[in-house]
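In: Need coordinates for the below:
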Amino acid sequence: MIYDNIQNCEKYYTLGDKFKTAFDFILKNNLQDMPTGRHDIAEGIYANVQELEVKLPHLAKFEAHREYIDIQYVILGQERMDFGLLENFNTQIPYDSEKDVEFLQLKDEALCANTVNVKAGEFCIFYPQDAHAPMLSCADKLDKIKKVIIKIKI
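Out: Next comes the predicted model:
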């Protein structure tokens, strides 16, 4: 998992051309006015723009992906994202290959998940080994956010 500010995105271009293409999409588009839904960017890369109300943390649903890496960028508002290593989770809902998602739960409640509060202009990158629960409230306030999740095919 990587957490950073979009001002530092050039540091991640070394991860490959797909990352540069994904970050260029964030930097070169007016995301605040972009309609929600899927936006194809390039071969193996697409964006999903969402406007959602965050959930209370006790409603967190951990997920993981096998075919895509997520870049989750907050456009407006802020959200808490919980995360942990996949090895510390059990399957709750089996992997759906069409949606590329598996839902998970901690193996043991003593294994606390990690937390990061992501504000507008910041992003997280989640790899297949990263279980993550996004769209959570930072301060138990059910605020609305706008974000884009860029999916990069592995």
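In: contacting residues around the residue positioned nearest the centre of the chain?
Out: For the chain, the residue nearest the mean C-alpha position is residue 72 (3.5 Å; CA atoms, centre = their mean). By CB atoms under 8 Å, 6 or more residues apart in numbering, the contact set of residue 72 is 81, 118, 123, 124, 125, 126, 134, 147, 148, 149. (Each C-beta comes from the backbone N, C-alpha and C, glycine too.)
In: Could you give the bridge partners of it?
Out: Counting by DSSP bridges, residue 72 forms beta bridges with residue 124, residue 149.
In: rewinding a little: wait, which of the contacts of residue 72 is closest to residue 95?
Out: residue 126 (15.6 Å; CB to CB).
In: for this structure, what spans make up the helices?
Out: 17-28 (DSSP state H).
In: any chance of the contacts of residue 72 in a markdown table, with pLDDT too?
Out: Formatted as a markdown table, those follow (pLDDT from 0 to 100):
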| residue | pLDDT |
| --- | --- |
| 81 | 97 |
| 118 | 98 |
| 123 | 98 |
| 124 | 98 |
| 125 | 98 |
| 126 | 98 |
| 134 | 96 |
| 147 | 98 |
| 148 | 98 |
| 149 | 98 |
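In: Return the members of the residues you listed classed as buried.
Out: 81, 118, 123, 124, 125, 126, 134, 147, 148, 149 (16 or more other CB atoms under 10 Å).
In: now those as CSV including distance to residue 90?
Out: CSV is the format used below for these (distance: CB to CB, whole Å):
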residue, distance to residue 90
81, 20
118, 26
123, 28
124, 23
125, 24
126, 18
134, 20
147, 27
148, 30
149, 24
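In: if we take these, which one ends up nearest to residue 19?
Out: Nearest to residue 19 among the buried ones among the contacts of residue 72, with distances taken as CB to CB, is residue 125, at 8.3 Å.
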